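**Q** Okay, here's the prediction I keep looking at, along with the sequence it came from:
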Amino acid sequence: MGQVKLTIEQYLQTCTVSAVHLEMRDGYMQNDPDYDAWKNGYHIDPGDRRSWWRPWLQNIVDATSRGVKVRRVRIVSEPLSQYIRYEYDVTFPNIRAGEEIRWLSRRKTSDLALPGNDFWLFDERLLLITHFSGEGDVVDRELSTDVGLIKHASDAFESVWRRAVPHEKYRPAQ
């Protein structure tokens, strides 16, 4: 494992073919002000782009404009945690920016060989593994170019992707 030298945004800016992201937690950044606002009843207006546009989305637009395929799949427990319900509600900006997002119930993953951590995989050659605290805050990230680890991550992502439901069709279990 190597030292992470760039931000996720910078790795995304340097990739040329693909960027995939596997998310497997039921909660992230519990102290996020946007999450707090959502819990208090604020919901972003899809018609008011200024209310939800953020720099991350421009990175997605820039990448997809270069021909990079950006995909994310979320493995989730059902019924959804409150945080994942929030993520579901605020996913449309990512899709409008060009990211493909799918959802898969954790119940449908028991026979899959999954890594222990969320990750980004850039161009099938750089694996960025994220380690979180129990509260969902990023503790650190590791970068790997290990061919075996990259193959494991890629195979895991693709097996989940094939089973997952596109965001537009996914309806969370109650």
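**A** Looks like it arrived, so ask away. Since this is a predicted model, take the numbers as computed values, not measurements.
**Q** I figured residue 103 was touching residue 73, is that so?
**A** Yes - Residue 103 lies in contact with residue 73 (C-beta atoms under 8 Å); the separation is 7.3 Å. Using the backbone N, CA and C atoms, a C-beta is placed for each residue, glycine as well.
**Q** got any residues that touch both of the two?
**A** residue 164 (C-beta atoms under 8 Å, 6 or more residues apart in numbering).
**Q** And for the nearest residue to residue 112 once chain neighbours are set aside, the neighbour number?
**A** Using C-beta to C-beta, 6 or more residues apart in numbering and skipping the chain neighbours, the partner closest in space to residue 112 is residue 159 (5.2 Å). Number of residues near residue 159 (other C-beta atoms under 10 Å) recorded here: 17.
**Q** Confirm residue 159 sits in a strand?
**A** No - according to DSSP: H, G, I helix; E, B strand; the rest coil, residue 159 belongs to no strand; its state is helix.
**Q** How confident is the prediction for it, by pLDDT?
**A** Note on residue 159: pLDDT of 98.
**Q** Likewise for residue 70?
**A** Looking at residue 70, the pLDDT reads 98.
**Q** Need phi/psi at it.
**A** With angles defined as degrees, to the nearest 10, residue 70 sits at phi -110, psi 120.
**Q** Run a quick neighbour tally on it.
**A** For residue 70, using other C-beta under 10 Å, the count is 21.
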